[in-house]
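Enquirer: The following comprises the amino acid sequence and a computationally predicted model.
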Amino acid sequence: MEILIASLTSHGHRVTTQRVHIMKHLWQKNIISNIDDLYVELRTKQLVSWATVYSTIKLLCELGWLQLHGSDAGDKYYSWIKK
């Protein structure tokens with residue numbers, strides 16, 4: 001997790017409380033199949049917006065930490081690229 005946070009800062013991204021909360025929750029999962037369900041899970045523990053969840057996942061993909069699989073809306077899921 002420290003390497004992931006260091007990766008964000010080294011690329012000039014802020015490490016906010018919400019991002020850390022999202023990343024810690026994501027780190028415990030092998031596959032992220034539904035962002036809406038993930039959002040509901042996260043909201044039970046801390047106040048985060050759907051946009052922050054989505055943008056954090058998008059950022060992790062751009063930095064090479066998550067990979068998007070599938071092409072159809074129903075088939076899309078994300079998985080970790082372990083470094």
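Expert: Arrived safely. Residues are numbered from 1 along each chain as shown.

Enquirer: C-alpha from now on. contacts and neighbour counts both.
Expert: Fine.

Enquirer: Could you grab the helix/strand/coil label for the residue nearest in space to the middle of the chain?
Expert: The centroid of the chain falls nearest to Ile57 when counting by C-alpha atoms, centre = their mean (3.5 Å). Secondary structure, DSSP: H, G, I helix; E, B strand; the rest coil: Ile57 is helix.

Enquirer: Spatially, and excluding backbone neighbours, which residue is closest to it.
Expert: Leu66 (7.4 Å; C-alpha to C-alpha, 6 or more residues apart in numbering).

Enquirer: Ok, Leu60 next?
Expert: Nearest to Leu60 is Leu66, by C-alpha to C-alpha, 6+ apart, at 5.5 Å.

Enquirer: what's the answer for Gln18, then?
Expert: Val48 (6.2 Å).

Enquirer: What is the burial count for that neighbour?
Expert: Around Val48 sit 18 other residues, with neighbours defined as other C-alpha atoms under 10 Å.

Enquirer: And it, how far from His69?
Expert: 25 Å (C-alpha to C-alpha, to the nearest Å).

Enquirer: re the thing from before, verify the stated contact: the residue nearest to Gln18 with Leu42.
Expert: Yes - using C-alpha atoms under 8 Å, Val48 is in contact with Leu42, at 7.2 Å.

Enquirer: does the residue nearest to Ile57 have beta-bridge partners, and which?
Expert: Beta-bridge pairing for Leu66 (DSSP bridges): Trp80.
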